[in-house]
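[1] This is a predicted model, with the sequence first.
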Amino acid sequence: MEKEIPSWKAAIVSSLVERDIVEKSFFNDLIAQYNTNKDLVLQLKAENSRLSRDLTSCQQEKSNLQLEFEKMYTLLGLAYSFRKSVKSYDYEQKVFHLQEEVTELHRQKGSLAQNVIELNKAVQERDSLLQSRSVKISELDDCLKANQKQNRQLLEKVKELEEVKELLTDEQASHLLAIKALETKNRQLEDDNVQLIKRIKALQSTVERLKNIEYDVQYRKTQETIRKNLQDAANSTIFVADSDPIDKPLPCKSALPHHVAVKIDANEGEVNSVRFTPSGHIFGSAGFDRKVRLWTYLNGKCEIHSTLLGCNAAVTAIDFDPNETAVLGASSDFSCRVWTLNDSRLRVNLTGHSERVISAKFMGSVNRVVTASSDRTIKIWDVDKCCCRRTIMAASTFQDVVVCPTLSALVTGHFDQHLRIWDERTGENSSKILLSGRITGMDISSDFTTVLACTRNNTLEIVNLRMNKVIQCLKADGFQTGLDIVRPCFSPDSDYVAAGGHDGGVYIWSTNSGNLETCLRDHTNTVVCCHWNPNGNSLVSCERIQKAIVWTSL
């Protein structure tokens with residue numbers, strides 16, 4: 001069975017046939033005229049040859065007749081001369097007519113020869129035109145073959161693309177079905193998630209209630225033990241000192257710590273924050289184990305005081321109120337919590353942020369709290385009513401927040417290298433100070449006049465809050481900020497500042513001279529936070545993994 005000719009090929013062949021017919025029509029009349037003229041020339045040549053032969057024969061006959069006439073003239077005389085002249089006249093007339101015919105034939109022959117030359121010239125022009133067109137047709141044939149080859153390749157490619165399209169269509173259909181199934185599953189999961197969140201909240205309330213009951217039971221047991229001990233003590237004679245050394249007035253002058261007093265495993269896993277109470281007898285540590293651990297530090301010894309539970313994610317920062325009645329903890333579960341210090345009960349859970357809470361501080365009393373979150377908001381809370389009093393929006397992510405009660409201001413450090421001061425009464429940004437790098441942590445001096453900021457540019461910068469500018473920039477060889485969260489601290493008298501380095505050293509500078517005073521080395525990992533004891537003679541520092549060290553000058 002013959003292969004069916006494609007439509008495009010048939011169209012090209014048809015156009016070439018029509019073109020051939022049109023171009024031939026231009027030469028048909030010329031070729032016919034040429035053939036006619038050629039036949040006529042041949043006839044004229046034949047006639048000319050015949051007439052030439054007749055002329056030759058006539059001339060021969062004339063010569064013969066003249067010879068005979070001369071002979072007869074000499075024989076017959078004058079009488080015969082007249083007859084001869086008459087006959088010669090007839091021959092001459094006949095020859096004249098023949099010469100005229102020959103002349104006319106030569107004239108026609110010349111005209112026909114000119115026509116033949118012109119026709120030959122036209123034929124040559126037509127031949128050259130035909131030759132050029134033949135070359136062009138040959139080129140077009142080559143182009144046609146190339147186009148046919150390209151067309152076959154394109155058809156093959158189209159076929160392949162159609163197969164790919166069909167495959168992609170099938171895949172798209174299967175993906176759409178999978179997406180619909182996933183959307184249905186996602187809706188179910190969202191509904192389940194809502195139900196689980198409700199259950200989690202209910203369970204959290206139950207857990208908090210049970211923990212409070214547990215703390216109540218422990219508190220009653222402790223009180224009962226104390227009562228029994230007091231009763232036993234009442235039955236015996238004891239010596240009571242005139243004053244408790246714990247209640248001695250705190251020294252106002254800070255001393256440089258120089259050796260390790262005690263090492264402890266502060267938390268399980270990474271540690272985020274450490275802080276002393278205002279009296280300096282207790283410090284707290286918090287980290288990724290979701291616990292706040294309180295430690296009693298007295299006479300160079302460190303013992304666990306209590307463990308505060310209730311957070312569902314890592315604890316990012318802690319703080320104590322000025323009266324040492326409550327503990328504040330910020331958490332990555334988008335909330336912060338307040339515990340009572342004496343019985344370790346969870347007092348309140350403050351929720352409202354949409355991302356993790358980076359830092360939290362008491363605002364001069366146990367009833368007011370400020371929190372800073374990764375959702376770029378600051379919230380001021382009323383702890384008694386468990387509600388948010390004000391929300392302040394910021395343009396950059398927070399890294400830390402401190403409170404300046406003398407100016408009724410909040411000071412925040414940001415990822416965009418700016419330190420911002422906010423009026424807590426209006427929520428407006430009163431000033432903005434550019435530092436040399438991203439801020440990793442802050443502390444405020446005991447007189448609330450200066451703020452210490454640690455930056456990723458490996459510097460500690462001291463900002464005067466009344467002048468709104470950087471008054472001192474502290475650097476040291478080997479000091480590098482290893483993490484995005486590194487919290488420095490002032491000494492109680494603001495004569496020294498301390499910060500942890502990437503190499504495990506605790507660097508201490510003098511704010512009076514701006515020089516590095518000492519570098520305490522006993523950590524094996526990056527030091528992320530440190531805090532000076534308010535009594536001025538000890539410092540606690542925590543490295544990234546578990547270990548905490550209390551340094552002392554005694």
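    In hand now; what should we look at? Since the structure is predicted, the reported quantities are computational estimates derived from the model, not experimental observations.
[2] what stretches of the stretch 1-150 of the chain score poorly on pLDDT?
    By pLDDT under 70, the low-scoring segments of the stretch 1-150 of the chain are 1-4, 68-88.
[3] Please, which helix or strand holds W509?
    Using DSSP states H and E, W509 maps to strand 505-510.
[4] Which strands border that strand, and is each parallel or antiparallel?
    Strand 505-510 sits in its sheet next to strand 496-500 (antiparallel), strand 516-521 (antiparallel), going by DSSP bridges.
[5] Which of those sits closest to P322?
    For the strands paired with strand 505-510, the distance to P322 is smallest for strand 496-500, at 21.9 Å, taking Cβ to Cβ. Where C-beta positions appear, they are placed from N, C-alpha and C, glycine not excepted.
[6] List of residues touching the closest one?
    With contact meaning Cβ atoms under 8 Å, 6 or more residues apart in numbering, strand 496-500 is reached by 254, 256, 443, 452, 454, 460, 462, 474, 479, 481, 486, 488-491, 506-511, 517, 523, 526-530, 532, 539, 541, 543.
[7] Let's see which of the residues you listed end up in strands.
    443, 452, 454, 460, 462, 474, 489-490, 506-510, 517, 527-530, 532, 539, 541, 543 (DSSP state E).
[8] filter those residues to the buried ones?
    Buried subset of the ones in strands among the contacts of strand 496-500 (neighbour count, 16 or more other Cβ atoms under 10 Å): 443, 452, 454, 460, 462, 474, 489-490, 506-510, 527-530, 532, 539, 541, 543.
[9] can you pull out the helices in the chain?
    Under the criterion DSSP state H, the chain contains helices at 7-76, 78-234.
[10] Show me what the shortest one is packed up against.
    The criterion is 3 or more Cβ pairs under 8 Å, 6 or more residues apart in numbering; DSSP states H and E, and the helices and strands that helix 7-76 contacts are helix 78-234.
[11] just the angle between the helix it packs on and helix 7-76, please?
    Orientation check (axes from the mean of the first three to the mean of the last three Cα atoms, to 10 degrees): helix 78-234 against helix 7-76 gives 170 degrees.
[12] How far off centre is helix 78-234?
    32 Å (Cα atoms, centre = their mean, to the nearest Å).
[13] do stretch 375-390 as well
    Computed by Cα atoms, centre = their mean, the chain-centroid distance of stretch 375-390 equals 36 Å.
[14] in it, what's buried?
    Neighbour-count burial for stretch 375-390 flags D375, R376, T377, I378, K379, I380, W381, V383, C388 (criterion: 16+ other Cβ under 10 Å).
[15] Just the terminal-to-terminal distance for that stretch.
    Stretch 375-390 has its terminal residues 15 Å apart, counting by Cα to Cα, to the nearest Å.
[16] Residues contacting it from elsewhere in the structure, which ones?
    Stretch 375-390 is contacted from outside by 338, 347-350, 352-355, 363, 366-373, 391-398, 401, 410, 412, 422, 424, 427, using Cβ under 8 Å, 6+ apart.
[17] I figured K301 hits K263, correct?
    No. At 12.0 Å, K301 does not count as touching K263 under the criterion of Cβ atoms under 8 Å.
[18] With neighbour numbers in mind, choose between the two.
    K263 (13 against 10; other Cβ atoms under 10 Å).
[19] Quickly list what that one is bridged to.
    Under the criterion used (DSSP bridges), K263 bridges to I549.
[20] how near is it to Y297?
    Distance, K263 to Y297, by Cβ to Cβ, to the nearest Å: 12 Å.
[21] now A11
    Using Cβ to Cβ, A11 is found at 100 Å from Y297.
[22] residue ranges with poor pLDDT in the chain?
    Scanning the chain for pLDDT under 70 picks out the ranges 1-4, 68-88, 215, 219, 232-233, 235-252.
[23] So what are the structural domains in it, by residue number?
    Under the assignment automatic domain parsing, the domains of the chain span 7-165, 254-552.
[24] mind checking how far the first one is from the chain centre?
    This points to domain 7-165. 84 Å.
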